[in-house]
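Novice: Fold the following and give me the result.
(one chain, ligands or ions: 1)
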Amino acid sequence: MNEQKILIADDDGHGIDTAGKRTPLFPDGTYMKENEFNRAVIDKLNVHLKRNNFDVLHVSAGDTDVPLKTRTDLANNTIPNGFGRPADAFLSVHANAAGNVWNSKVKGIEIFYRAGYKEGKKLAQDVQEYLVKGTPLFNRGLKTNNLHVTREAKMPAILIEGGFMDNPDEAKLLMSDAYREECAEEIARGICQYFGRTYIEVTPPAPPLPVGVNPVSIVIGSNDPYSGLLINGSSWVPAKEVLTVLGVKTWMFQKKSIYIGESSVETKIINNTSYIKSVDLVSLGILKGVFFDPDVVNTKRVLLFPKEAV
Ligand SMILES: [Zn+2]
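Specialist: Model prediction:
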């Protein structure tokens, strides 16, 4: 049976049209609704959480203002939440407001937790640590208050106020995709830290291969295929991975070349990986043979046959 994942319940604060939850009017007559920020952060956060192998329970789906009790009941699984278990942590994302007119004096990020609940405070600390490191906003610190979500959720629960909608500078940040992304990423890092996990970064796309160089799967026995290259009808294999699986111990990398025993082997370095030719491994007596499947012209994969079984 698979190990059960940690379940994070999250909540985007208000409905999109909840009265009063918006910035004051900008000079051009436009404004931002609080839920636009909250929802964008939660959507981005959920992507990071799933990549980090958490289960995600969104407790305020849709455009309406889901009653607070429904949100915490779903997290507590007193309303069945589809996961059959209560969430392991709860978080609510909001934007702050001191009033309904522009006010440059109010500023910063603050996080609420339930007074006297040590685990809730620890979660708040971990998320705050990353949020204030990763964003330019002033740290208003951790707060306690008698809020429904932090009080009624039966798990560590925090309410994040990610900046003031009525501060004109912060309002612009709250409207920007970059700031929303930053908040989401830092919250995810804080959650990972709270649960003792190493944050899994977004994998950057692989840089493009040079012209005339094509990727090919290299198959050795029953191992998962390796990422090799086809260049002018020859197959090239990632040296370190393939020599390791073939059990070659006497190899090294020196002056931009791979050496196997005393022999230097023709080496290509592409996107920071050193590749050597499979046929050279045949000449050196490490492989019995190389087979192009289905053939040299339409190669889909290259099978390497080791001298010794691996
Ligand atoms: Zn709010």
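
Novice: Give me the nearest residue to residue 72, chain neighbours excluded.
Specialist: residue 152 (4.1 Å; Cβ to Cβ, 6 or more residues apart in numbering). To be clear about C-beta, it is placed using only N, CA and C from the backbone, and glycine gets the same treatment.

Novice: quick one: terminal-to-terminal distance for stretch 22-31?
Specialist: 7 Å (Cα to Cα, to the nearest Å).

Novice: Now do the buried residues in it.
Specialist: By 16 or more other Cβ atoms under 10 Å, the buried positions in stretch 22-31 come out as 22, 23, 24.

Novice: Spit out the contact partners of the last one.
Specialist: Contacts were defined as Cβ atoms under 8 Å, 6 or more residues apart in numbering; by that measure residue 24 touches 31, 100, 101, 102, 165, 166.

Novice: Could you list the domains of the chain?
Specialist: Listed by automatic domain parsing, the domain ranges of the chain are 7-194, 213-306.

Novice: Ranking those domains by mean neighbour count, which comes first?
Specialist: Burial of the domains of the chain is given as mean neighbour count (mean count of other Cβ atoms under 10 Å); domain 7-194 ranks first at a mean of 19.

Novice: Residue 166 and residue 160: what is the separation?
Specialist: Distance from residue 166 to residue 160, counting by Cβ to Cβ, to the nearest Å: 17 Å.

Novice: Pull the distance from the host helix or strand of residue 172 to the chain's centre.
Specialist: Using DSSP states H and E, the element containing residue 172 is helix 168-175. Chain-centre distance of helix 168-175: 25 Å, with Cα atoms, centre = their mean, to the nearest Å.

Novice: what do you get for stretch 74-87?
Specialist: On the basis of Cα atoms, centre = their mean, stretch 74-87 sits 24 Å off its chain's mean C-alpha point.

Novice: returning to what we had before: and the contacts of residue 24, which is closest to the ion?
Specialist: Nearest to the ion among the contacts of residue 24 is residue 165, at 8.8 Å by Cβ to the ion.

Novice: any idea how far that closest one lies from residue 31?
Specialist: Distance of residue 165 to residue 31, given as Cβ to Cβ: 9 Å.

Novice: Common neighbours of these two, please.
Specialist: Shared between the contact lists of residue 165 and residue 31 (criterion: Cβ under 8 Å, 6+ apart) are residues 22, 23, 24.

Novice: Surely the first one is in contact with residue 37?
Specialist: No - counting by Cβ atoms under 8 Å, residue 37 is not a contact partner of residue 22; they are 10.2 Å apart.

Novice: pLDDT score assigned to the closest residue to the ion within the chain?
Specialist: Using Cβ to the ion, residue 94 is the residue of the chain that sits closest to the ion, at 3.4 Å. You'll see residue 94 listed with a pLDDT of 97.

Novice: Which is the succeeding secondary structure element to the helix or strand harbouring it?
Specialist: Using DSSP H and E, residue 94 sits within strand 89-96. Using DSSP H and E, the helix or strand that directly follows strand 89-96 along the chain is strand 109-113.

Novice: What are the contacting residues of that following strand?
Specialist: Against strand 109-113 from outside (Cβ under 8 Å, 6+ apart): 96, 120-121, 123-124, 127-128, 131-132, 135, 137-145, 147, 150, 156-163.

Novice: Quick one: mean pLDDT over that strand.
Specialist: Across strand 109-113, pLDDT averages out at 98.

Novice: what do you get for stretch 186-206?
Specialist: Per-region confidence: stretch 186-206 scores 94 on mean pLDDT.

Novice: From residue 13, how far off is the residue lying closest to residue 200 once chain neighbours are set aside?
Specialist: The shortest distance from residue 200 to any non-neighbouring residue, by Cβ to Cβ, 6+ apart, is to residue 52 (5.0 Å). Applying Cβ to Cβ, the value for residue 52 to residue 13 is 23 Å.

Novice: what does residue 24 give?
Specialist: Taking Cβ to Cβ as the measure, residue 24 falls 18 Å from residue 13.

Novice: Residue 276 too?
Specialist: Applying Cβ to Cβ to residue 276 and residue 13 gives a distance of 56 Å.

Novice: Also residue 105?
Specialist: Taking Cβ to Cβ, one finds residue 105 at 23 Å from residue 13.

Novice: got it, and residue 172?
Specialist: 19 Å.

Novice: so where do the strands sit in the stretch 1-150 of the chain?
Specialist: Shown for the stretch 1-150 of the chain, the strands assigned by DSSP state E, counting those that start in this stretch span residues 7-11, 55-58, 89-96, 109-113, 139-144.
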